[in-house]
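K.L.:
Here is a sequence together with a model predicted from it:
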Amino acid sequence: MGANGARVHFGVLPFTGSGHLNPLIALGLELQDRGHKVTFFEKSKIETRILEAGLDFNAIGIGDSPFKRKKATASGRGLLSELSTLQFNLRRIAHDVETYLRETEPAIRKAGVDVLLVNEIALTGPTIAELLGIPYIVISTSVPHNFGWNAYPLFAGYKFRSSWLSILEVGLLEVSAVRMRGPLQWALNAYRARRGLGPVRGINPSYPPLAQITQLPEFLDLPRSRGLEHFHYTGPFARAGARPQVDFPWNQLDGRPLIYASLGTTRNAQLDVLRLIAEACKDIDAQLVISLGGRFDPAMFRRWPGDPLVRRFVPQLELLKRATVVVTHAGPNTAFETLMEGKQMVAIPIAHDQPAIAARLARLGIAEVLPIMRLSAQQIREAVVKTMTESRYREAAVKMQGRVRALRGVECAADIIEGYSVRCAVRRDLDHSEIGFKEEMLQV
C-alpha cells in the first residue's frame, strides 16, 4: 500500500519502443510491490512482455491498420532517408492518434483507473485524462521535450557548446521539430474540437499534470537557469528481474576485452553502420558482440569483418557488466544502463533524442561522439581505441556510476508518484464534482 495505506489503480500509457517500455515496466513493478494496481494500455504487440513481467494489460488499437503490413526503412544515412522515414512515421502515428483516442477512453473508464502515468511520447495521454477527468503524471524516459532535442546539429557537431552558434542551431532545430509534429497536433486538435475541448497547446494551463518526472539524472543534464514547477529529476528506472530472460552463447566469449555494440530497437535499421562498426573493430585486440535489437537475420553477418558475435537479442544488462567499451546510438535505455555499469562509450546518435543524450555524455567526458553523416570505419576505430586506452574515459564513467546508483531512480520516482497520486486518487465511493476535483488537482 501507499504511505497512508491508500491503494491506487495506475493506468500506464507507454510506448512500444524498448527504451520507453523497459523503464516504465520497472516503475510499474515498483508501484505494484507497494500494493498498488498497475495496468498498461497499449497495442497488443507488447502484451506478452507486460504479462510476463507480472503486470496487467489492456489491448488498445486491436483493429486493422493500413500500417501493420508496412515498415519504415532507411536505405541510407542522409537527410532524404531521414525525411522519408519521418514521413512514414508521421502518417502511422497520426492514424494511431485517432485510434487511441477512440478506444483508450472507454477502456480506462471501464478498468476504473485512478491516476494516469503518461509517457511523454504518448501524445494522446493528457487529452484522455482531461476527457475522463482524472489526474495524470508525465513521465519522460529521456531528455524532456521542453528541454529541447539537439536533433540534427549541422554546425557544432554533437557536442554541447554554450556559444551563439550553438544557440542559433538549437533555435532552428526547434522550429523544425515543431513543424514535424504539426500533422499529429492537427489530428489531436480535430478530435478535441469534436469533444468540445480547446487546442492541445492550451492543455497545460487548463488541465495540468500533477507532475513531470524524468529518469535523466540532474547532474547529466545541461546547465539550466531556472527550474520548472512540479518537475522532478530522479535517475534511471532500473530494477532486477524487470527484463525477460534471453539465451546467449556465453561459451563463445573468448576472454579478450569485450566491445559491445547496439543501435537499439526502434531506429537500428542502419545495416551499413553496423558493418562499419565491424570493420572498425576487426584489427583491435578485442571481441565484438553486436545486438540487432530484433532487426535482421544474424546469418547475414557470418562473413563480416572480424567475425563478430551477432545475435538478434542479447541479455544487455549482463553483457554491460563484462564490456570494456560500448558502441551505442545513445538511446536513453542503453546510455543510462551503461552509466550504471561504469563503462565508457562511443556514441553514434541517429535521430530523435539520441544527439541530446550524446551531447550530455560528451560534456562529462564519458563518451566520444561521432556524427552519423560521413561516418567511416576509421573514425569509429580511432574513437574505440581512444576510449579503451585513455584512462580519463574510464575514470569519468566510474565516477558517474557511483552517482547514478546512489540516486535509486525507480524508488525515488515511485515515492514522488505516491506523494502526488495518493492525495488525488479518484475515490469511486465518493461523489466528487468535476470542478471540485480539478481544483484539488491544481492545489497539489
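P.N.:
Arrived safely, thanks for sending.

K.L.:
Return the helix or strand in the protein with minimum mean pLDDT.
P.N.:
Among the helical and strand segments of the chain, the one scoring lowest on mean pLDDT, DSSP states H and E is helix 434-443, with a mean of 44.

K.L.:
Can you classify D415 as helix, strand or coil?
P.N.:
What DSSP: H, G, I helix; E, B strand; the rest coil gives for D415 is helix.

K.L.:
ignore the last one, A107
P.N.:
helix.

K.L.:
Give the closest residue to it in space, chain neighbours not counted.
P.N.:
Nearest residue to A107, sequence neighbours excluded (CB to CB, 6 or more residues apart in numbering): N58, at 5.3 Å. (Glycine included, C-beta is placed from N, CA and C.)

K.L.:
Could you spell out the sheet neighbours of the strand or helix carrying the one you found, each with its direction?
P.N.:
For N58, the host element (DSSP states H and E) is strand 56-59. Looking at strand 56-59 with DSSP bridges, its partner strands are strand 37-42 (parallel).

K.L.:
Would you mark the buried spots in the partner strand?
P.N.:
By neighbour count on 16 or more other CB atoms under 10 Å, the buried set for strand 37-42 is K37, V38, T39, F40, F41, E42.

K.L.:
what are the phi and psi angles of E229?
P.N.:
Here is the backbone geometry of E229 (degrees, to the nearest 10): phi -70, psi 130.

K.L.:
Can you tell me the number of residues neighbouring it?
P.N.:
By other CB atoms under 10 Å, the residues close to E229 number 7.

K.L.:
What pLDDT is listed against it?
P.N.:
We have a pLDDT of 76 for E229.

K.L.:
Tell me who's in contact with it.
P.N.:
Not one residue lies near E229 by CB atoms under 8 Å, 6 or more residues apart in numbering.

K.L.:
Now do it against P208, distance only.
P.N.:
E229 is 9 Å from P208, where distance means CB to CB, to the nearest Å.

K.L.:
cool, and G342?
P.N.:
Taking CB to CB, one finds G342 at 38 Å from P208.

K.L.:
Was I right to think V327 contacts A261?
P.N.:
Yes - when contacts are counted by CB atoms under 8 Å, V327 is listed as touching A261 (4.0 Å).

K.L.:
Show me whatever sits in contact with both of the two.
P.N.:
Common neighbours of V327 and A261 (CB under 8 Å, 6+ apart) are I277.

K.L.:
quick one: the nearest residue to R408 once chain neighbours are set aside from R303, how far?
P.N.:
The shortest distance from R408 to any non-neighbouring residue, by CB to CB, 6+ apart, is to G235 (6.8 Å). Remark: distance between G235 and R303 (CB to CB) = 42 Å.

K.L.:
of those two, who's got more company?
P.N.:
G235 (26 against 7).

K.L.:
what's near enough to touch the more buried one?
P.N.:
With contact set as CB under 8 Å, 6+ apart, G235 has these partners: Q215, P217, V404, L407, R408, G409, C412.

K.L.:
and the residues you listed, which of them are in helices?
P.N.:
With DSSP state H as the criterion, helices contain V404, L407, G409, C412 from among the contacts of G235.

K.L.:
and of these, the nearest to P144?
P.N.:
Proximity of those to P144 (CB to CB) peaks at G409, which lies at 15.0 Å.

K.L.:
Enumerate every residue touching that closest one.
P.N.:
Contacts of G409 by CB under 8 Å, 6+ apart are Q215, P217, T234, G235, P236, F237, A238.

K.L.:
Can you flag the buried ones in the residues you listed?
P.N.:
Q215, P217, T234, G235, P236, F237, A238.

K.L.:
out of those residues, which one sits closest to G54?
P.N.:
Nearest to G54 among these is F237, at 16.0 Å by CB to CB.

K.L.:
May I ask you to confirm that that closest one is in contact with R408?
P.N.:
No - contact criterion CB under 8 Å: F237 and R408 do not qualify, at 10.3 Å.

K.L.:
ok, the closest residue to A396 other than its chain neighbours - contacts?
P.N.:
Spatially, and ignoring its direct neighbours in sequence, A396 is nearest to G365 (4.1 Å; CB to CB, 6+ apart). By CB under 8 Å, 6+ apart, G365 lies in contact with R392, Y393, A396.

K.L.:
which residue ranges form the helices in this structure?
P.N.:
For the chain, applying DSSP H gives helices covering 18-33, 47-53, 79-111, 125-132, 164-194, 203-206, 271-281, 316-322, 332-340, 354-363, 377-389, 391-407, 409-424, 434-443.

K.L.:
possible to save these as TSV with distance to P257?
P.N.:
TSV is the format used below for the helices of the chain (distance: least, CB to CB, whole Å):
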stretch	distance to P257
helix 18-33	26
helix 47-53	32
helix 79-111	34
helix 125-132	44
helix 164-194	35
helix 203-206	49
helix 271-281	11
helix 316-322	9
helix 332-340	15
helix 354-363	21
helix 377-389	7
helix 391-407	12
helix 409-424	29
helix 434-443	53
